[in-house]
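Student: what follows is a predicted protein model with its sequence.
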Amino acid sequence: MSKKPKIAMYWASACGGCEVSLANVHEVLLDIDANFELVFCPCLVDGKIKDVEAMDDGELLITFFNGAIRNSENEEMAHLLRKKTKILIAYGACSKDGGIPALANLSSKEELFNTVYINNPSIDNPKGIIPQRVTIVEEGELRIPEFYNKVKSLGQTVDVDYFMPGCPPEPDQLINVVNLVLSGAELPPKGSVIGVGKTTVCEECSRKKSDKKISRIYRTYEIIPDEETCLLEQGIVCMGIATRGGCGGLCPNVNMPCTGCYGPPAGVDDQGAKMIGALGAIIDIAAIKDMPEEDIPDYVDNILKSIPDYAGTFYKFSLATALVNGRVNK
Amino acid sequence: MKVGVYLCECGTNITEKVDLDQVSATISELDNVGYVSKIGLMCSYDGVSVFEDDLQKQKPDRVVVAACSPRDHEATFMKAMTKVGINQYLMQMVNFREQLSWVTEDKQAATDKAIVMLKGAIARVVQQEALEKKSITMNNDVLIIGAGPAGLKAALTLAEADRKVTIIEKSPMIGGLPVRYEELFPKMECGPCMLEPIEHEILHGDHAENIEIITQAELKEVKGFYGNFIAKIIKAPRYVDTEICIGCAECVGACPVSVKNPMNSNMNEKKAMDFTFFGALPNATYIDYEACLRSKGESCEACKTACPIEGAVIFDDKEEIIEKNVGAILLAIGTQLYDATLLPNLGYGALKDVVTSYEFERILSSGGPTGGQILKSNGDIPKSIAIIHCVGSLDENHKSYCSGTCCQTGFKFAHELHHKVGESTITHFYKQLVFPGKSDYPLYKNAMNNSHAKFVNYLSTSDINVVENKKGVKTISYKDVSGISGEIEADMIILLPATIPGLDNESLSSLLEVNLDKEGFFEELHGLVDSVRSKVKGIFVAGSCQSPTDIKGAVNQGVAAAGYMLSGLVPGRKLEIEPIVAEVIEDKCAGCHVCVLVCPYKAIQFNEETKKSSINAVLCQGCGTCVSACPANAIIGHHFTKEEIYEEIRGVLS
C-alpha cells in the first residue's frame, strides 16, 4: 500500500474540461504521481464509489471537485467526498459559482424537460416521455438520480475549503496549488479563492487601455477588432474588467473577449451586476444632453439592444452564486 | 463594542408619534447596545451639554442619535463628539422626525418602524471607522481669464484684499465688449467713460501691484486642483513694450500698411501698427504681424524710426510661455453674437446696410468707422430704420432662449437714432419684449413714445423677408402674430441676434474639464444658489460665458466669484479635506480606466507609469459613482463602505 497522500478529482455536473486541465499539466503529471496517489477520478483512473465509501474520514488529502450540483447524485457525491477529504477544493467555474449549468436556473425543471425532451425539432417523442426517477421494467426497478429544480454551486451544498475558478482552471494554477500543498507552507485561510491573480483580467491583458466611452456594442462577428486596443473600448463586451485574473488574459490576448470564467473579482458579490454597473458608467450618454426626455430610454435601449442575452453575457459562469441567482426559487 | 443610543424627543414632534419607551426597551436588548438615553430637545444648548456630559461619562465606542434629519443637526452632534474627544465619524444619525413621526400616522406602526431604523443604524455604526480630516497648503493667488467687466471687477475685489491676480486677455486691450459701446443702457452712460476708471484702478490704482495683466494671451494647459493649480499661458508677441510705450501714436502715422479693422467689423481700415481703438487700454499700439511688411520679408522699420521712445518697438518680440501657480481660476471670457447669416431671409451678409447690434454699436461710437455719425454705407443719413429683435432667439431651430439684453439694446438704439437722425422712422420687429427690473422701463417707454416709431409683433423669423430692388431700396415684407401681412421700406436694418457662448467656451471646457450646458455656456454648480461655481472645485465662472447677462449681472457674478475665492483662499489657512471620499486600493486596481470619465468632479487621474487610477481627495466630493462603477472592487467609499451598507441592510432585515 502506497504511503503517498491520496487525492481525487470528481466531476459532478460538468463537461470534462476540468479533467483535461489536469491532463494539461503535461510532464508535471509525473511529479504529481510521484507525490500523490490519484485514487479516484472517474474520467482518468479506475476507482469506484465503494472504494471511497470504504475510506476513513479525511483519508483523501485533496479532492478537486468540479462541476455544479444539478442532481441528487451530484449532491450525494459532494457530501461523500466532503466527508472523506481534508482539503476540498471547488475546482472550476461550475463548482465554484454554478458555471454554465447554472444558466438553467432561468428555467424550471418542467420547462427544461419540455425543451429537451418534447418541444425540440430534433426530438421524436410522440408519447411525451420524460425522465422518471423510478421506472418499472420487467427485470425490476430502474432508478436514476433526481433532477433538481435549481443548480447549486459546491459551496451552496457542502462546506468547501478553497475555491479555484476557471473554465477550466489554468494548468499552471493547478501546478501552483499542488506545489503549495507539497511545500508544506502555511495554507491560505479557509474559504480563500486560490490559483488566481490579484486583480482582474485587465492586469494580465496586454491590450492598450485608455478612458472609455462606448456609443454602441458589437457582437464578435460584427467587427474585426483592432489587435492592440482594449476590446471593450471597441464596443465588444469583454468581461475582463469584472473578472478575477489568473488566466493570463488568454482570450483578449488572442482577440476574443473575456467571457468571465474566472468569476467575480475579490470582494465582488455579483459579477454580472458589477459588469452592468461598469458598462452603465462607460456608455456614452453625451448625446442625451439635447434630447427630449421621452427619447432618452429609446436611445439607451438601442445601445443595449445589441446585447442579445443579458444572463448569458454577464452571468455566464456565476449565476448560481449571484445576488439575484435565477428565476426559480426552490 | 459599546454603542450609545440617544433618542431625542424633539419636544412633542417625535414623542407624539413614537413610543420611545418601547423603542428603548427593545433596543437595549440588542447586541452591542451599551445604553439608551432619552433627551428632550437634543439640539438645544442644554440638550447638547447633556449629550456631551453623558458621552464623557459613558465613553461609548460608537454613537447613534435618533433625532431629526442629518441635514439639520448632524453637524451639531458631530461637533459635540469632537469636543469630548470622540471621532465624529463614529456616529450615525437616524431620522425619526422627517422620515418617521411627520409621515406616519399610526403610533404603533411608527414605533415598529423606529425600531427597524435603529437596528439598521446600530448594525451600521459598529462597522464605521474613525476618519481623520487632512489638510494641505493652498496657493492664494488667482488667475482670471478675460478682461471684461466681470474679470476686471473680480480682479479689483481680490487685489484690494491683497491677493495676487493674473488676468489673461486674448485681445490686445482690456475692458471687454462694453468699452467699445458709446452709450450703455439703461441710463445712457458713456461706455468707455464708465469703464475707464475701473481699468485705471486696475492698471495704476492703489492695488495695481497685485494685478498682472497679460494681453494677447491664452491658456494652454492647466494641471492640479483647487488650491494648487499650475497654469501654462501662451502670450503672443505684441512687438511693442506696453511698459514704456506712451501711446503717442507716432508709429501709427508712419506705418505704410492699411488693413481691415476687425474691431469695427471690417467696416473701415486700420494700420498694421495701430491701437485696437483710440483710447484702448493698455495705452499702447501693437503690430498685426500678418499685415506687417516685415512678415513678408521686407525690412520696413517705419514705426520704429518714428517712435520717440528707445526700445518701445521690439521687432524680435517672441511668443512667451508663462507659468503661474494659483489657487483658483475664474472664467470670464464673455460672449459673441449668433451668426445672423444663418437666417438668410433677413439679408445679413448679402445686402448692404443690414447690420448686427455690434456693428451698429461701432457705428454709434466716436471711435467707429463713421466717427459716431449714423450713416449708411454710401454716406447718406438713413431715413427709415428697422430694428429686428429676437434674431435667432426664442426659436427651437436656432436658440431657444431669450438673451434678455437685446430689447434694451434695441431701445437704446432707438434713443440714439432719435437724437442723432431726428425724424427717421423706426420700426421694431419683435417676438417678445422684456424690460424687467427697476431700471429698464424708461428706455422702453421712450421707444414707445417716439411718434416716429412703430412696433410689429411677429411669431417667427421666417415670417420676415428682406429684399432689395435695383435702386438699393430694401423692403421688409412680414406677417405679424395675428396673421396680417405688411410691407415697409427701410434704409438700414439693425439685427439684434441672440448672445451665444464665447468663442473659446468649448476649448476651455475641454482644457479645464468644466462642463458646458446644452447651449454651450459654462455649466454652473446650481442655477439659483451657485451660478458662479463650476462643478470643478476652484474653477469659477462669471458673466455672459455662463449665461447671457448684462454688465450689471456680469459684474455681480465677478464680484461674487471673488467672494468665494476670498473666503476659500485665506492666507495661512490650509485646505481641509473631508475624509468622506473615495480611495483607490492600489493593489486591487487593474488599470481598466472605467472610473476615469465617470467622476463628475474630474477627481480621478490615471497614472500611465503605474497603470493605476488615483483619486484626488481635494476634488472628490464622496458621491460614490466611481465606487459602484469600479468592476474590480478596487475603490472604497469611506463612510459608505460595502460592509457598512450591507450591515445596515442586515440590521434592518433582522
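Tutor: Structure received.

Student: let me see the ranges of the helices in the stretch 201-350 of chain B.
Tutor: Taking DSSP state H, counting those that start in this stretch, the helices of the stretch 201-350 of chain B run over residues B:250-254, B:302-306.

Student: measure the residue nearest the centre of chain B to residue B:220 for me?
Tutor: What sits nearest the mean C-alpha location of chain B, by CA atoms, centre = their mean, is residue B:541, with 2.1 Å. With the distance defined as CB to CB, to the nearest Å, residue B:541 ends up 20 Å from residue B:220. The C-beta positions use only the backbone N, C-alpha and C, and glycine is treated the same way.

Student: and chain A, what are its domains?
Tutor: The record's domain parsing of chain A by automatic domain parsing lists A:6-100+A:152-183, A:109-149, A:201-314.

Student: closest one to chain B among these?
Tutor: Among the domains of chain A, the nearest to chain B by CB to the nearest CB is domain A:201-314 (3.6 Å).

Student: what sits against residue A:115?
Tutor: residue A:107 (CB atoms under 8 Å, 6 or more residues apart in numbering or on different chains).

Student: how about it, secondary structure?
Tutor: Secondary structure of residue A:115, reduced to three states by DSSP: H, G, I helix; E, B strand; the rest coil: helix.

Student: same question, residue A:25
Tutor: Look at residue A:25: counting by three-state DSSP, its state is coil.

Student: look up the closest residue to it, ignoring the ones flanking it.
Tutor: Spatial nearest neighbour of residue A:25, chain neighbours left out: residue A:171 (4.6 Å); criterion: CB to CB, 6 or more residues apart in numbering or on different chains.

Student: what's the answer for residue B:279, then?
Tutor: With CB to CB, 6+ apart, the residue lying closest to residue B:279 is residue B:192, at 5.9 Å.

Student: how deep is that neighbour tucked in, by neighbour count?
Tutor: When neighbours are defined as other CB atoms under 10 Å in any protein chain shown, residue B:192 has 22 of them.

Student: close to chain A: what parts of chain B are there?
Tutor: Contact residues (CB under 8 Å from any CB of the partner chain) of chain B with chain A: B:518, B:587-598, B:606, B:611, B:625, B:628-634, B:642.

Student: which of these are buried?
Tutor: B:588-598, B:606, B:625, B:628-634, B:642 (16 or more other CB atoms under 10 Å in any protein chain shown).

Student: pull the residues that contact the helix or strand encompassing residue B:413.
Tutor: Using DSSP states H and E, residue B:413 maps to helix B:406-421. Contacts to helix B:406-421, defined as CB under 8 Å, 6+ apart, come from residues B:182-186, B:188, B:357, B:360, B:364, B:373-374, B:381-382, B:385, B:387, B:389-390, B:393, B:424, B:426, B:428, B:430, B:433-435, B:440, B:443-444, B:446-447, B:450, B:452-453, B:494, B:496-499, B:550.

Student: so what's residue A:64 bridging to?
Tutor: residue A:9, residue A:89 (DSSP bridges).

Student: pretty sure it contacts residue A:22?
Tutor: Yes: at 7.3 Å, residue A:64 counts as touching residue A:22 under the criterion of CB atoms under 8 Å.

Student: follow-up on the earlier one: winner for burial among the domains of chain A?
Tutor: Comparing these by mean neighbour count (mean count of other CB atoms under 10 Å in any protein chain shown), domain A:6-100+A:152-183 comes out on top with a mean of 20.

Student: by mean pLDDT, point me to the weakest helix or strand of chain A.
Tutor: One helix or strand of chain A scores below all others by mean pLDDT, DSSP states H and E: helix A:296-305, with a mean of 86.

Student: centre of the chain to that one, how far?
Tutor: 30 Å (CA atoms, centre = their mean, to the nearest Å).

Student: same question, stretch A:147-167
Tutor: Using CA atoms, centre = their mean, the offset of stretch A:147-167 from its chain centre is 9 Å.

Student: given the helix or strand encompassing residue B:455, what are its sheet partners and their directions?
Tutor: Using DSSP H and E, residue B:455 sits within strand B:453-457. Counting by DSSP bridges, the strands paired with strand B:453-457 are strand B:425-430 (parallel).

Student: what about the partner strand, average pLDDT?
Tutor: Here strand B:425-430 scores 96 as its mean pLDDT.

Student: tell me the angle of whatever helix or strand comes next after that strand relative to strand B:453-457?
Tutor: Heading C-terminal from strand B:425-430, the first helix or strand you meet, by DSSP H and E, is helix B:441-449. Angular relation of helix B:441-449 and strand B:453-457 on a 0 to 180 degree scale: 100 degrees, by axes from the mean of the first three to the mean of the last three CA atoms, to 10 degrees.

Student: how far out from the middle of the chain is helix B:441-449?
Tutor: 32 Å.

Student: how about it: buried residues?
Tutor: B:443-444, B:446-447.

Student: got any ranges where the stretch 1-150 of chain A has weak pLDDT?
Tutor: A:1-2 (pLDDT under 70).

Student: sorry, back to before: make CSV out of the domains of chain A and add distance to residue B:157.
Tutor: Converted to CSV, the domains of chain A look like this (distance: least, CB to CB, whole Å):
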stretch, distance to residue B:157
domain A:6-100+A:152-183, 62
domain A:109-149, 73
domain A:201-314, 34
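
Student: what residues do residue A:64 and residue A:22 have in common as contacts?
Tutor: Common neighbours of residue A:64 and residue A:22, using CB under 8 Å, 6+ apart, are A:9, A:174.

Student: re earlier: which pLDDT value goes with the residue nearest to residue B:279?
Tutor: pLDDT, residue B:192: 88.

Student: hang on, it is in a helix, isn't it?
Tutor: Yes: membership of residue B:192 in a helix is supported by three-state DSSP.

Student: show me what contacts it?
Tutor: B:175, B:179, B:279.

Student: are any of the residues you listed buried, and if so which?
Tutor: Buried among the contacts of residue B:192 (16+ other CB under 10 Å): B:175, B:179, B:279.

Student: helix/strand/coil for the second one?
Tutor: Which is residue B:179. helix.

Student: any idea how far it is from chain A?
Tutor: Applying CB to the nearest CB, to the nearest Å, the value for residue B:179 to chain A is 34 Å.
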